[in-house]
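Student: Here is a sequence together with a model predicted from it:
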Amino acid sequence: MQNRLAHWIVVLMVIGIGFQGVLAAETQPSSAPGKEAVATATGAAAASTAPQAPPAEAKPAPTLPAWVQNFKLSGDFRYRQELADDATKDYDRNRARIRARLYVGTKVNDEVDAMIGLASGTDESATNTNQELTDAFSSKPVWLDLAFFDYHPASVKGLNILGGKIKQPYYFPGDSDILFDTDVRPEGIAATYKKDLNSSLKFFGTAAGHYVQERSTEGESSLWVAQGGLTCAIPNVKDGAVTGGAGFFGFGDIQGEAALGTDNTKFRGNTSAGGVYVNDYEVFQTFGEVAIPIAGKPFSVYGELLINTGADTDEDTGFLVGAGLGKCKDPKSWQVSYNYRDLEADCTIAALVDSTFAGGGTAVRGHKISVGYQIAKNWNAAAAVMIGEKSTASTPTDYDVFLAELNFKF
């Protein structure tokens, strides 16, 4: 599959180069030499009195076909150095990791867009597009990261219907990752709606049904979601706003099943017995965020709370609180953020939670400090320190992560 994918990428590049060559040939001025004129004084005078031919109309510059103009290519690349200090291990793990993502989007018609995306990744895990630099310079795999349509009917302004392997359509304050890792691409159908209720109050909402695990001999695991919220502008405060909302993430057919993810024996913190989940996962979410610029720089404080109402155990709650100042956008701009999280074992499905903090999953708690600096347009540097504690064993153990990275976008 990977060889066929590489083959077609090369073919498309060759076609593109050839197409550019055709356009260049069409716009190249003629190289044929003109005849030299030898003008005498009499000839010049005669020429000055001869009728002048009208100037030739300039040929319009060639344009790309409409279907080509509708395509948009984008992507990003990240180089990361990561050190993990797990107190249960006899040694620290130090590794270089890269992430590469490439997206092609197109306008199908005035009401429909579509996108396909590829991404790196050591395996097909939903929470990890990192690729370790290892195995003696071996070639690295590429995976299907996105493939979806976006229907936005002109008759219902603010409505988008997405289908396929889609971008996350949900609101997570401060880019919180305690419910979904930022790499997770949900699969199924989602409808999002946004509406300005008045000049200072905006509504947003999402309803979705996702396929989680298909089984040929049993019922499928699914995820049904309803989330909504309001954003209210703060009077007399430029770019100041208060956002609040709630959501319900109901996982179906989880209890009594093997672990979700690439390894059905790893529950990543969720309570299990006999190789299956002990609990259902019907997660109620509530969140809030306040944005107030300080000295002309964006500043926000935020929080998110998860309660699994389907759990039969007491380990059913998780939360995150944090704050952020600044934003990497223009060259020499910067940002800094802090958050604290505490995720009990069964507050949500561990296979979808952030895969880096304390090794990933639930039954974790601790602090995360991040900084970033915009070096140039589309290029920034970032670093983070995660001081965590993991409680999957009877005795909690420290698990710290340190990382530094360069990010490039195009």
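Tutor: In hand now; what should we look at?
Student: Test my guess that residue 290 contacts residue 244.
Tutor: No. Counting by Cβ atoms under 8 Å, residue 290 does not reach residue 244; the two are 9.3 Å apart. C-beta coordinates here come from the backbone N, C-alpha and C atoms, glycine included.
Student: neighbour-wise, which of the two wins?
Tutor: residue 290 (17 against 14; other Cβ atoms under 10 Å).
Student: what sits opposite that one in the beta ladder?
Tutor: residue 242, residue 301 (DSSP bridges).
Student: Kindly state the pLDDT recorded for it?
Tutor: At residue 290, the predicted lDDT confidence score is 98.
Student: Number the residues from 33 up from this point.
Tutor: OK, 33 is where the count begins now, so the last one is residue 322.
Student: show me what contacts it?
Tutor: 273, 274, 275, 332, 333, 334 (Cβ atoms under 8 Å, 6 or more residues apart in numbering).
Student: same check, this time on residue 223
Tutor: Residue 223 neighbours (Cβ under 8 Å, 6+ apart): 191, 192, 193, 194, 238, 239, 240.
Student: Can you show me the strands along the stretch 183-332 of the chain?
Tutor: 191-197, 219-228, 233-245, 253-265, 273-284, 304-305, 308-309, 313-323, 331-340 (DSSP state E, counting those that start in this stretch).
Student: if we compare those, which one ends up closest to residue 409?
Tutor: strand 331-340 (23.9 Å; Cβ to Cβ).
Student: Can you give me the buried ones in that closest one?
Tutor: Across strand 331-340, burial judged by 16 or more other Cβ atoms under 10 Å covers 331, 332, 334, 335, 336, 337, 338, 339, 340.
Student: could the residues you listed be laid out in JSON lines, adding distance to residue 224 and pLDDT?
Tutor: JSON lines is the format used below for the buried residues of strand 331-340 (distance: Cβ to Cβ, whole Å; pLDDT from 0 to 100):
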{"residue": "331", "distance to residue 224": "27", "pLDDT": "98"}
{"residue": "332", "distance to residue 224": "22", "pLDDT": "98"}
{"residue": "334", "distance to residue 224": "20", "pLDDT": "98"}
{"residue": "335", "distance to residue 224": "23", "pLDDT": "98"}
{"residue": "336", "distance to residue 224": "19", "pLDDT": "98"}
{"residue": "337", "distance to residue 224": "22", "pLDDT": "98"}
{"residue": "338", "distance to residue 224": "21", "pLDDT": "98"}
{"residue": "339", "distance to residue 224": "24", "pLDDT": "98"}
{"residue": "340", "distance to residue 224": "25", "pLDDT": "98"}
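Student: I appreciate the help and will end here.
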